[in-house]
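Novice: return a 3D structure for these sequence lines:
(one chain, ligands or ions: 2)
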Amino acid sequence: MMTEPRVTFPHGTILGYPRIGRRRELKRAVEAYWTGTTDAETLEETAAGLRRATRERLAELGLGRDDSSIPESFSFYDQVHDAAAAVGVLPERFAALRGADGAIGLDAYFTAARGAGEAAPLEMTKWFDTNYHYLVPEIGPETVFALSSDRFARQVAEAMADGFTVRPVIVGPVTLLALAKGTDAAPAGFDPLDRLDDLLPVYAELLASLRTAGAEWVQLDEPALVSESLPEGPGALADAAARAYAVLGGRVDRPAILVAAGYAQLSDEAWAALAAAPVEAIAVDLTRGAVPAPVEGLAAKTLVGGAVDGRNVWRGDLEAAWAKLEALRALGAGAVTAGTSTSLQHVPHDVEDETTLDPRLAAWLAFADQKVAQVATLARGLVEGRPAIADALAEASAALADRRSAPGVRDGAVRERASVLGAEDFARGDYDDRVAAQEIELALPVLPTTTIGSFPQTGDIRRARARHGRGELSADEYESFLRAEIAQVVTLQEDIGLDVLVHGEAERNDMVQYFAENLEGFAVTENGWVQSYGSRATRPSILWGDVARPEAITVAWSAFAQSLTDKPMKGMLTGPVTILAWSFVRDDQPLGETANQVALALRDEIADLEGAGIRVIQVDEPALRELLPLKRAAQPAYLEWSVGSFRLATAGAAPATQVHTHLCYSEFDVVIDAIAALDADVTSIEAARSRGEVIGDIATSGFAAGIGPGVYDIHSPRVPSVDEITELLDRTVAELPLRRVWVNPDCGLKTRGYDETVASLKNLVAATQAVRASV
Ligand code: GLN
Ligand code: ZN
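Specialist: Numbers count the residues shown, from 1 in each chain. Ligands and ions are numbered 1, 2, ... in the order given. Now for the predicted structure:
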């Protein structure tokens with residue numbers, strides 16, 4: 001029997017919870033299913049167990065079992081793909097995998113995510129300004145929308161059977177379409193958002209099915225409404241939201257609707273549109289956005305104030321969070337609820353799972369479970385009044401004060417050095433002079449060949465590192481192992497005939513964590529996993545204090561590698577922006593200040609590399625685009641400090657030292673000016689998956705320095721043929737000045753196997769030789 005939807009909303013909630021499991025149980029279960037070691041039934045059981053554990057844990061932490069405060073935000077792979085599958089969006093090339101009634105089951109879902117044979121997987125791209133990647137839905141004029149998966153409703157029913165009334169979390173229709181791309185069949189200029197009116201009836205049906213299953217509330221995530229970078233623009237997106245929620249809200253057979261818009265401030269247009277729409281609640285981000293302006297239509301609505309930061313790991317200022325909720329209350333909405341700014345999918349599960357963190361640092365942190373407890377505290381304050389939570393607020397403030405005064409948070413020498421920087425510290429000499437000096441120093445052929453840095457991280461390498469970590473392999477033994485590995489990689493590159501060699505990065509677990517472990521000011525976690533995409537998770541380091549380099553980090557490995565060859569050996573560093581982007585960064589000073597501290601440490605490393613005879617140094621900045629703020633007004637300041645920190649890191653290099661940088665997923669056209677402003681001598685970028693589209697962008701942009709558009713996609717084991725690479729290179733040299741072009745793969749090779757790597761690189765060299773002979 002159906003009960004009437006309650007229009008009251010709980011006083012505290014979170015917008016979503018990590019779904020990979022405290023020990024990455026979901027990763028293991030899903031991957032076992034992919035390799036065929038378990039069946040679908042076992043996988044579903046594991047997933048149900050994880051959902052049950054999450055519900056129980058959230059109730060234990062203070063959310064209500066039956067008041068819809070517990071979100072059901074589980075996903076087997078990605079929340080965008082979940083919403084797409086629910087409404088029947090699956091590329092034609094996977095159509096054969098649908099069930100008899102058109103249903104999109106687990107196999108169609110996973111195969112679209114991962115590809116099969118000639119059928120390329122869905123494209124993957126970053127979710128707003130985070131390091132989470134979603135699968136880009138493909139929608140065209142021909143796409144048929146139809147309810148195609150009952151997974152969301154089944155999850156509601158499963159929770160009901162356990163005595164929980166959960167709130168299903170689903171990407172909303174506007175965001176789903178705004179993030180989609182046109183199918184190959186779509187005409188030029190087609191915008192998936194044009195299909196909104198066709199999609200809405202299916203969303204309405206989806207909501208009705210949730211209601212039937214017992215849901216009293218549903219959360220529709222609409223972060224597209226905060227973005228200023230989507231092609232439609234804020235005005236058109238707000239109009240779409242007004243239309244969408246008039247239709248969905250106008251139905252009676254539905255749960256109450258919470259529209260959630262985290263990641264930044266809602267655009268003014270979208271805020272007004274949602275306030276006027278027949279929905280029951282709106283969630284706003286109060287950490288990356290301000291308390292919104294008063295607007296008509298709030299009297300009957302609940303506002304969920306995202307006062308607890310869903311993006312960082314700091315315990316933060318609870319007093320300030322409380323003040324924001326008070327300010328939100330002043331808008332005169334029907335009710336105010338304490339919430340997180342975004343889903344907690346961007347933070348690890350639980351600080352309590354860390355046994356090796358300094359307890360003082362641990363007391364400053366809040367992972368997902370601690371944030372849930374903070375929300376519960378704030379919710380209690382909303383119900384019982386501030387005095388009821390005064391102790392908790394004071395405790396949080398005391399932790400904050402302790403953090404401010406703790407040793408290492410501010411290091412006099414680091415601050416002194418940063419305070420005296422002048423313009424000359426950010427500038428190298430004239431580019432043409434550098435080119436001339438480097439030509440003499442390096443004597444490279446036209447179309448020089450190189451790789452991006454890493455060679456395959458084999459099982460042997462990972463096992464040796466793990467054994468070293470457990471103390472089963474002594475420091476000396478581990479070092480000899482790595483030296484042997486480096487020697488092998490160097491010989492291999494000489495045999496293949498590459499021009500600028502790399503040492504292969506076998507000593508690195510991860511391009512950021514490796515540096516974090518070797519710099520002061522960082523801590524690393526044991527279990528602080530965060531989903532990056534699908535079954536992949538990373539363990540971001542925590543940048544808590546002033547950054548300094550106690551001793552050289554990479555120099556011994558690079559120098560050893562150089563001693564084995566007469567070819568130039570490329571030193572390999574990760575740039576300041578990427579180190580910040582892929583860590584949890586301190587929130588008590590501007591990012592630019594932190595970036596400059598990292599930059600100065602790298603600057604010293606570059607000087608030491610030069611001292612050890614390294615003449616080519618690559619500073620990777622794949623995250624430059626990712627951190628670009630969602631709001632246009634904030635972008636110039638970001639580009640100023642991010643580009644500045646790269647320049648600070650590299651400007652000490654001698655003119656004859658060739659500085660490279662590498663960017664992947666970098667939508668070249670968006671940040672072209674910033675890339676040029678990095679002032680690197682050579683920039684390698686991803687280009688193969690767009691079949692060289694980016695070459696045209698580079699040619700028209702006037703970008704003048706060395707450039708290596710990747711000639712093959714390293715995300716796939718496919719070996720590109722000599723002809724294919726030759727064709728791409730021919731097009732490249734037809735559009736770009738010959739002397740500026742480099743030949744390299746799209747990205748590092750660490751996820752590849754040796755067989756395909758060797759075959760691909762041989763073809764890369766053969767194609768280069770063919771093109772050299774023809775120009
Ligand atoms: N040097 C790194 C590597 O080769 C670069 C990785 C990246 O750009 N993501 O693995
Ligand atoms: Zn890359």
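Novice: pull the contacting residues for the spatially most central residue of the chain.
Specialist: For the chain, the residue nearest the mean C-alpha position is residue 131 (0.9 Å; Cα atoms, centre = their mean). Taking Cβ atoms under 8 Å, 6 or more residues apart in numbering as the criterion, residue 131 is in contact with 346, 530, 532, 538, 540, 581, 582, 623, 626. Yep, even glycine has a C-beta here, placed from its N, CA and C like the rest.
Novice: need the strands for the stretch 401-550 of the chain, in chain order.
Specialist: Assigned by DSSP state E, counting those that start in this stretch, the stretch 401-550 of the chain shows strands spanning 520-523, 530-533, 536-538, 541-548.
Novice: for ligand 1, what is the nearest residue in the chain?
Specialist: With Cβ to the nearest ligand atom, the shortest gap between the chain and ligand 1 falls at residue 748, namely 2.1 Å.
Novice: against residue 482, how distant is that residue?
Specialist: 17 Å (Cβ to Cβ, to the nearest Å).
Novice: cool, and residue 472?
Specialist: From residue 472 to residue 482 the distance is 16 Å (Cβ to Cβ).
Novice: about what we covered before: number of nearby residues for the residue of the chain closest to ligand 1?
Specialist: 24 (other Cβ atoms under 10 Å).
Novice: correct me if wrong: it contacts residue 454.
Specialist: Yes: look at residue 748 against residue 454 with Cβ atoms under 8 Å: they come within range, at 3.7 Å.
Novice: for stretch 411-431, the averaged confidence score.
Specialist: The average pLDDT within stretch 411-431 is 96.
Novice: neighbouring contacts of it?
Specialist: Contact with stretch 411-431 is made by 434, 520-521, 545-548, 593, 596-597, 600, 644, 647-648, 650-653, 655, 659, 679, 681, 704-705, as judged by Cβ under 8 Å, 6+ apart.
Novice: try it again at 7 Å.
Specialist: 434, 546-548, 596-597, 600, 644, 647-648, 651, 653, 655, 679, 705 (Cβ atoms under 7 Å, 6 or more residues apart in numbering).
Novice: among the residues you listed, which one lies nearest to ligand 2?
Specialist: Ranked by distance to ligand 2 (Cβ to the ion), the contacts of stretch 411-431 are led by residue 705 at 18.1 Å.
Novice: tell me which residues touch the closest one, please.
Specialist: 431, 680, 681, 682, 683, 740.
Novice: I'd like the distance between residue 408 and residue 667.
Specialist: 37 Å.
Novice: with residue 141 instead?
Specialist: 25 Å.
Novice: which of these two has more neighbours?
Specialist: Between residue 141 and residue 667, counting by other Cβ under 10 Å, residue 667 is the more crowded of the two (19 against 14).
Novice: with adjacent residues omitted, what lies nearest to the more buried one?
Specialist: Distances taken as Cβ to Cβ, 6 or more residues apart in numbering place residue 625 nearest to residue 667, at 5.7 Å, with adjacent residues excluded.
Novice: swap in residue 452?
Specialist: residue 748 (4.5 Å).
Novice: doesn't that neighbour belong to a strand?
Specialist: No: counting by DSSP: H, G, I helix; E, B strand; the rest coil, residue 748 is not part of a strand but coil.
Novice: pop out the phi and psi values for it.
Specialist: With angles defined as degrees, to the nearest 10, residue 748 sits at phi -60, psi 160.
Novice: gap between it and residue 414?
Specialist: For residue 748, the distance to residue 414 - Cβ to Cβ - is 30 Å.
Novice: same thing with residue 429?
Specialist: Distance, residue 429 to residue 414, by Cβ to Cβ: 27 Å.
Novice: these two: which is more packed in?
Specialist: Using other Cβ under 10 Å, the more surrounded residue of residue 429 and residue 414 is residue 414, with 19 against 12.
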